[in-house]
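Asker: With the sequence up front, the predicted model follows.
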Amino acid sequence: MNMKFNKNEDHNKLLVSSLNHKLKRVKLGGGEKRIEKHHAKGKMTARERIDFLLDDNLKAIEIGAFAGEGMYEEHGGCPSGGVVVKIGYVSGKQCIVVANDATVKAGAWFPITGKKNLRAQEIAIENRLPIIYLVDSAGVYLPMQDEIFPDKEHFGRIFRNNAVMSSMGITQIAAVMGSCVAGGAYLPIMSDEALIVEKTGSIFLAGSYLVKAAIGESVDNETLGGATTHSEISGVTDYKAKDDKDALSKIQNIMDKMGDFDKAGFSHKKAVAPKEKQEDIYGILPKKRSDQYDVREIISRLVDGSEFEEYKEGYGQTIITGYARIDGWAVGIVANQRKIVKTKKGEMQFGGVIYSDSADKATRFIANCNQKKIPLVFLQDVTGFMVGSKSEHGGIIKDGAKMVSAVSNSVVPKFTIIMGNSYGAGNYAMCGKAYDPRLIAAWPSAELAVMGGTQAAKVLAQIETAAMEKKGEKVDEEKEKEVFEAIKSRYDEQTSPYYAAARLWTDAVIDPLDTRKWISMGIEAANHAPIEKDFNLGVIQT
């Protein structure tokens, strides 16, 4: 191993260590004191409920663990968006579980909570996955009601999706394990089957205080909407459970009886581990953004048997395309190449940049994968499309548009891993969040932005110093440097993978060694949903 490999390895292992430290903190939800209070009520936490429900928590992936990270600090924060979402297995059936975390503001819904719940439902709808709701929420967080209540992608969309999923035949099971108030009361009752836990679970459109204020009736919450009321009088719920574990066991029993589903029919064989050492990814992925590496070295450590059938190897070399298997599933890989390459014409092409020939190759490969019903995996480390008169005259916009069109109209499931840079239109062409990847995850080394921090800071610093000079302020070299550093610091914070994950621009920040698991579980989920339309590029410039 060379010195650069060792430095890269140390750097990337530190990033993963930081990731694990952040995850450990996030998993405490509202903190240890609130967890103790929660336990004192005889209730399990959201994460404890999910761990008990799933067959094996190690065979699960978490969506949006960093949702809300660094947001809403003036309101006390909102770890994991106040809701825990995992894809896993219950009684052998793959499903998605959504659990309100009542240690965070009593499970109240912040704007990011709504966005995360909608993302969970989107995954269920796209993949025809059963969805299980573990409800324990005080409803909308009133100080921010204008940001969560009335719009299309707000709170009400949840119930609309409940109805749509039911019409699609997607199983929905809800367990009321705590408060379920006002509009939130509709979620469990719009599910196919609803359970309620004695003494701790309650459902009502208005609690006892509001009832007293509205109509003058004095009634306690248990009589108003407790387990006995809804199981024996109103008939709102289908099952009554004596405690959390009993409710979760009942869900396991219900899931155990579910029949099989129609499959998309993606090719799957027995999984084989990569021949190359997966941990070497830490040493291959460069610490410096300017350093080169061969993305084939990464691919060989992600795919079964390290076998990769490359498509158009000698053409369009700043994007690598080819066929492989990941955990037994057939995949088509589209990966940015960070090496500087020389074309047959003797021209040099910068790594990480998309040229016309690379875009053309990727477009044709994506079409091939759609024809063969092969899921697509995008490995992003891209700075954007090539600029300059030569590229413009060569039709880079036209070729880039073809690639974007192919990604947009692809009917096979797409999965995106952001390994390094994800800048500008390169993010779009390589299947960023706006292009409906079934799952999108970032490595701790990722950066998402319109352009790199240094370039952006230089442009913004020039604008700011020019404005200062216009006002008559003296701007010397030291002042220019101060302005640049301040802007770059702010910009770098916004390009962090955690900044993106907090806003659900990605589903997770993951250890590179978990990449195979994420893609495998994602394709298995996608296999629940048969492809119902043909691939069509639409009208494109040729």
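Answerer: Now that the structure is in, tell me what you want to look at. Residues are numbered from 1 along each chain as shown.

Asker: And for the helix ranked longest in the chain, what's in contact with it?
Answerer: Using DSSP state H to define each element, the chain has its longest helix at helix 3-26. Helix 3-26 has contacts (Cβ atoms under 8 Å, 6 or more residues apart in numbering) with 1, 65-66, 69, 79-80, 281-287, 291, 443-445, 498, 509-512. Every residue, glycine included, has its C-beta placed from N, CA and C.

Asker: Weed out the non-buried ones from the residues you listed.
Answerer: Neighbour-count burial (16 or more other Cβ atoms under 10 Å) applied to the contacts of helix 3-26 gives 65-66, 69, 79-80, 281-286, 443-445, 498, 509-512.

Asker: In strands only, show me the residues you listed.
Answerer: Among the buried ones among the contacts of helix 3-26, DSSP state E puts residue 509 in strands.

Asker: low-scoring stretches of the stretch 1-150 of the chain, by residue?
Answerer: The stretch 1-150 of the chain contains residues with pLDDT under 70 at 1.

Asker: mind listing the strands for it?
Answerer: Taking DSSP state E, counting those that start in this stretch as the test, the strands found in the stretch 1-150 of the chain are 61-63, 83-90, 93-100, 131-137.

Asker: ok, residue 194 touching residue 236?
Answerer: Yes: applying Cβ atoms under 8 Å as the test, residue 194 and residue 236 come out as touching, 7.1 Å apart.

Asker: Neighbour count: those two, which is higher?
Answerer: Higher neighbour count among residue 194 and residue 236: residue 194, with 25 against 17, using other Cβ atoms under 10 Å.

Asker: ok, now which ones touch the more buried one?
Answerer: Counting by Cβ under 8 Å, 6+ apart, residue 194 makes contact with 173, 174, 175, 176, 188, 236, 237, 238, 239.

Asker: switch the cut-off to 7 Å
Answerer: Shown in contact with residue 194 (Cβ atoms under 7 Å, 6 or more residues apart in numbering): 174, 176, 188, 237, 238.

Asker: ok, it to residue 253 distance?
Answerer: For residue 194, the distance to residue 253 equals 15 Å [Cβ to Cβ, to the nearest Å].

Asker: part of a helix, is residue 392?
Answerer: Yes: looking at residue 392 with DSSP: H, G, I helix; E, B strand; the rest coil, it is inside a helix.

Asker: in the chain, which ranges drop under the pLDDT threshold?
Answerer: 1, 183, 393, 451-453, 455-457, 540-542.

Asker: so where do the helices sit in the stretch 51-200 of the chain?
Answerer: 111-127, 156-168, 186-189 (DSSP state H, counting those that start in this stretch).

Asker: Save those as a markdown table, and put in distance to residue 344 and mean neighbour count too.
Answerer: Converted to a markdown table, those look like this (distance: least, Cβ to Cβ, whole Å; neighbours: other Cβ atoms under 10 Å):
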| stretch | distance to residue 344 | mean neighbour count |
| --- | --- | --- |
| helix 111-127 | 41 | 22 |
| helix 156-168 | 51 | 16 |
| helix 186-189 | 60 | 22 |
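
Asker: right, so of those helices, which gets closest to residue 331?
Answerer: helix 111-127 (16.3 Å; Cβ to Cβ).

Asker: can you give me the angle the closest one makes with strand 93-100?
Answerer: Angle, helix 111-127 to strand 93-100, by axes from the mean of the first three to the mean of the last three Cα atoms, to 10 degrees: 170 degrees.
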